[in-house]
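Participant: model this:
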Amino acid sequence: MKEIKRREFLNKTCPNVAMAILGVSFLEACSKDSDEEVIPIPDTDGGYKINGNNIEIDLTHPNFSKLDSAGWMNFTEQRTLLLKSGSAYFAFNNFCPHQGARDAWSYNSSESKFICGRHNNSYPTDCVTEGTNGGPLQCYTTSKSGNTLIVTKP
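Facilitator: Next up, the predicted model:
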């Protein structure tokens, strides 16, 4: 067996060990969080299309029937909460101001608040009032033309 000096051994092995330990962390830091991944419904039959910073939603499409029946829906493909109140439509970013969850929402119509199911925090729909934990929901501008709801994101 060949003898090797301590300094030479450390110079040869330390960079490899350090890369093995830290390299994975660096690669992980660059990867996308699975909660952030968006899989869009195809434009051809998804009931919506993107036009610049506008989402144009066909309100007669079956993918959006929950908006009529329940009065709200989490449009996860476009990271948007949609709300129908009477004949008016509202849209909000579905990012929870507390911890960023996008997929655990419910709506309390008697209090006009969205509830994040991750920690049961509630957020008013007035775009100004802070929730029970975190700031207010970010609001988007909406308009309706015939059976098309247009949501304008900043």
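
Participant: Please report phi then psi for Arg6.
Facilitator: Note on Arg6: its backbone torsions stand at phi -60, psi -50 [degrees, to the nearest 10].

Participant: tally of neighbours for it?
Facilitator: Using other CB atoms under 10 Å as the criterion, Arg6 is surrounded by 7 other residues. Yep, even glycine has a C-beta here, placed from its N, CA and C like the rest.

Participant: show me what contacts it?
Facilitator: The contact partners of Arg6, by CB atoms under 8 Å, 6 or more residues apart in numbering, come to none.

Participant: Then Asn53?
Facilitator: With contact set as CB under 8 Å, 6+ apart, Asn53 has these partners: Thr152, Lys153, Pro154.

Participant: now do Ala91
Facilitator: Neighbour list for Ala91: Thr80, Leu81, Leu82, Leu83, Cys139, Tyr140, Thr141, Thr142, Val151 [criterion: CB under 8 Å, 6+ apart].

Participant: same question, Thr141
Facilitator: By CB under 8 Å, 6+ apart, the contact set of Thr141 is Ala91, Val151, Thr152.

Participant: mind redoing it with 6 Å?
Facilitator: The neighbourhood of Thr141, defined by CB atoms under 6 Å, 6 or more residues apart in numbering, consists of Thr152.

Participant: so which strand or helix has it?
Facilitator: Assigned by DSSP states H and E, Thr141 belongs to strand 139-145.

Participant: Buried by neighbour count: which residues of that strand qualify?
Facilitator: By neighbour count, and taking 16 or more other CB atoms under 10 Å as the criterion, the buried residues in strand 139-145 are Cys139, Tyr140, Thr142.

Participant: export these to JSON lines and tack on distance to Thr132?
Facilitator: Written out in JSON lines, the entries for the buried residues of strand 139-145 read as follows (distance: CB to CB, whole Å):
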{"residue": "Cys139", "distance to Thr132": "18"}
{"residue": "Tyr140", "distance to Thr132": "22"}
{"residue": "Thr142", "distance to Thr132": "25"}
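
Participant: Turn those residues into JSON lines, including pLDDT and distance to Tyr123.
Facilitator: Shown next, in JSON lines, are those (pLDDT from 0 to 100; distance: CB to CB, whole Å):
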{"residue": "Cys139", "pLDDT": "97", "distance to Tyr123": "11"}
{"residue": "Tyr140", "pLDDT": "98", "distance to Tyr123": "14"}
{"residue": "Thr142", "pLDDT": "98", "distance to Tyr123": "18"}
